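J.: 3D, please:
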Amino acid sequence: MKGSHILSTGSAVPNISIDNVSLSKTLNTSDEWISTRTGIKQRRILGKSQSITDLAAEASNKALSNGLLQATDIDLIILATSSQHDLFGSASKLQAIIGAKNAIAFDITAACSGFVIALATATQFIETGTYKNVLVVGADILSRWVDWSDRRTCILFGDGAGAAIVQTDTGNKNDILSFQLNTNGLASNHLSIPYRKNYSNTGSIHYSSGRYSYLTMNGKEVYKFAVSQVPESIKKCLEKADICTKDISWLLLHQANQRILETVALKLGIPSHKIISNIQYYGNTSAASIPLALDEAFQSGHICNGDIIVIAGFGAGLTWGTTIIKWNVIE
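T.: Below you'll find the predicted structure:
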């Protein structure tokens, strides 16, 4: 088995910023109401003339530049998204935009857990020797799937993209120490973008057509799910890697709600200063939230050589997953 190394990261967010004060002008809400319940102060929204592949390409190109690689060095592209530009997938379009002509590309749809699952998938290809350089991207533009008159959902979501390059470690040393992935489809109705059918007929031919509705969420149930299941997932992942909570340098959770981040840390006995959080600036960016926060932490120097980072995603499906990485610089 080969070792897997996270070479570099990159991220991108739209230029348009909408703060809580602006939302309060059209919704029955306020900056205090939103920030005290969620920790969110503003969110970024993609412009009308742009698509999700534009954001994903910007994040990918930054990761390539930071890793001193060319797009033609990439063997595989995995795009984690639930808001594709094309229902058949957007990874192939991303491959074309960045010029990664040697890469196979496919999408993973797992909402807010998407990046963790994509990272787990990439690691399997690396460790079996199938591919050497894998570009893993998490990108979502859920601002286009929320009802902007519904304060229960529209205040939460923003758009963004983050990317990481995973490659074979020549010393067979693994940066990615363990995974723990779970799904509970029986609770999928708590967070979804449902498809609504319309039935029609033309003569003797009966057919159905329809469209996707706005994003719907049972906030209380999602909160209970996150604060109960995520700590257990992290504990199992730590046990697999034979690591104690005191060895954790940083806790990076999907940026859904600041209260969730703090509650999970409290249940695990992890001090608040070890929580990586940027939710106040971007809101919930779904599959982009973890790689976006990871890239900012790397670029700011918060994450240092040898740091152990616990990463956990959770969301629609319901899906949740944890991975533990050890940040090793190239020697």
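
J.: Wait, L181 touches I117, no?
T.: Yes. The pair L181 / I117 is scored as a contact, 6.4 Å apart, by C-beta atoms under 8 Å. For the C-beta atoms, the positions are set from N, CA and C on the backbone; glycine is no exception.

J.: shared neighbours, these two?
T.: Common contacts of L181 and I117, defined by C-beta atoms under 8 Å, 6 or more residues apart in numbering, comprise T319, G321.

J.: So between the two, which is more surrounded?
T.: Using other C-beta atoms under 10 Å, the more surrounded residue of L181 and I117 is I117, with 27 against 17.

J.: Spit out the contact partners of the more buried one.
T.: Neighbouring residues of I117 by C-beta under 8 Å, 6+ apart: A80, I108, A110, L181, G313, T319, G321.

J.: One more pass at 6 Å, please.
T.: By C-beta atoms under 6 Å, 6 or more residues apart in numbering, the contact list for I117 reads I108, A110, G321.

J.: secondary structure class for the last one?
T.: Think G321. Secondary structure assignment for G321 (DSSP: H, G, I helix; E, B strand; the rest coil): strand.

J.: distance between the one helix or strand I97 maps to and the chain's centre?
T.: Using DSSP states H and E, I97 falls within helix 91-98. Chain-centre distance of helix 91-98: 19 Å, with C-alpha atoms, centre = their mean, to the nearest Å.

J.: contact partners of that helix?
T.: So helix 91-98 is contacted by T53, A56, A57, S60, A71, I77, L79, A103, A105, F106, D107 (C-beta under 6 Å, 6+ apart).

J.: I'd say the first one and S90 touch.
T.: Right, T53. Yes. Using C-beta atoms under 6 Å, T53 is in contact with S90, at 5.3 Å.

J.: More neighbours: those two, which one.
T.: Neighbours per residue, other C-beta under 10 Å: of T53 and S90, the larger number sits with T53, 26 against 23.

J.: OK, contacts around T319?
T.: A110, S113, T183.

J.: List the residues that contact A120.
T.: Contacts of A120 by C-beta under 6 Å, 6+ apart are F179.

J.: My reading is that it is in a strand; is that accurate?
T.: No. Applying three-state DSSP, one finds A120 to be helix, outside a strand.

J.: Okay, domains of this protein per the record?
T.: The chain breaks down by automatic domain parsing into domains covering 3-169, 176-186+216-276+288-326.
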